[in-house]
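> Build me a structure from this.
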Amino acid sequence: MLTGRIDEAITTFHRARDHRWPCQGGSGCLALGDAFRDVGRLDLARECWSLAVERDPESHSAKLARERLA
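Numbers count the residues shown, from 1 in each chain. Below you'll find the model as predicted:
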């Protein structure tokens, strides 16, 4: 994402989203959501933040993600 390879970042996100071990990873979802937001992809950012809440609901990352979704 930082090198401008947005399409590859989206593909990688979808692979991570669909991974067979869906628990935890809230901090990574939050950070990726922020990165998507920063490049103007709010749709994907919101999806990442939602995953942060879903996968690690009691974490600090989930709290921050909820704030971003509000």
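
> give me phi/psi at the residue nearest to Ile6 when sequence neighbours are not counted?
Closest residue to Ile6 apart from its sequence neighbours, by Cβ to Cβ, 6 or more residues apart in numbering: Val39 at 6.1 Å. Every residue, glycine included, has its C-beta placed from N, CA and C. Phi and psi for Val39, reported as degrees, to the nearest 10, are phi -100, psi 10.

> contacting residues around Ala16?
Applying Cβ atoms under 8 Å, 6 or more residues apart in numbering to Ala16 gives the contacts Gly25, Gly28.

> what's the average pLDDT for the helix or strand encompassing it?
Ala16 belongs to helix 6-17 when assigned by DSSP states H and E. The pLDDT scores in helix 6-17 average 81.

> The least confident helix or strand in the chain by mean pLDDT: what's the following helix or strand?
None of the helices or strands of the chain scores lower by mean pLDDT, DSSP states H and E than helix 6-17, at a mean of 81. Remark: after helix 6-17, the chain's next helix or strand is helix 26-38, criterion DSSP H and E.

> who touches the helix or strand following that next one?
Downstream of helix 26-38, the next assigned helix or strand under DSSP H and E is helix 42-55. Helix 42-55 is contacted by residues 10, 13, 17, 22-27, 29-30, 32-34, 36-37, 59, 61-62, 64-66, 68-69 when judged by Cβ under 8 Å, 6+ apart.

> So what angle separates the directions of the next helix or strand after helix 42-55 and helix 26-38?
Next in sequence after helix 42-55, counting helices and strands by DSSP H and E, comes helix 60-69. Counting by axes from the mean of the first three to the mean of the last three Cα atoms, to 10 degrees, helix 60-69 lies at 30 degrees to helix 26-38.

> what's helix 60-69 packed up against?
helix 26-38, helix 42-55 (3 or more Cβ pairs under 8 Å, 6 or more residues apart in numbering; DSSP states H and E).

> could I get the ones you listed as CSV with mean neighbour count, distance to Ile6 and mean pLDDT?
What follows is these, written out as CSV (neighbours: other Cβ atoms under 10 Å; distance: least, Cβ to Cβ, whole Å; pLDDT from 0 to 100):
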stretch, mean neighbour count, distance to Ile6, mean pLDDT
helix 26-38, 20, 9, 89
helix 42-55, 19, 9, 93
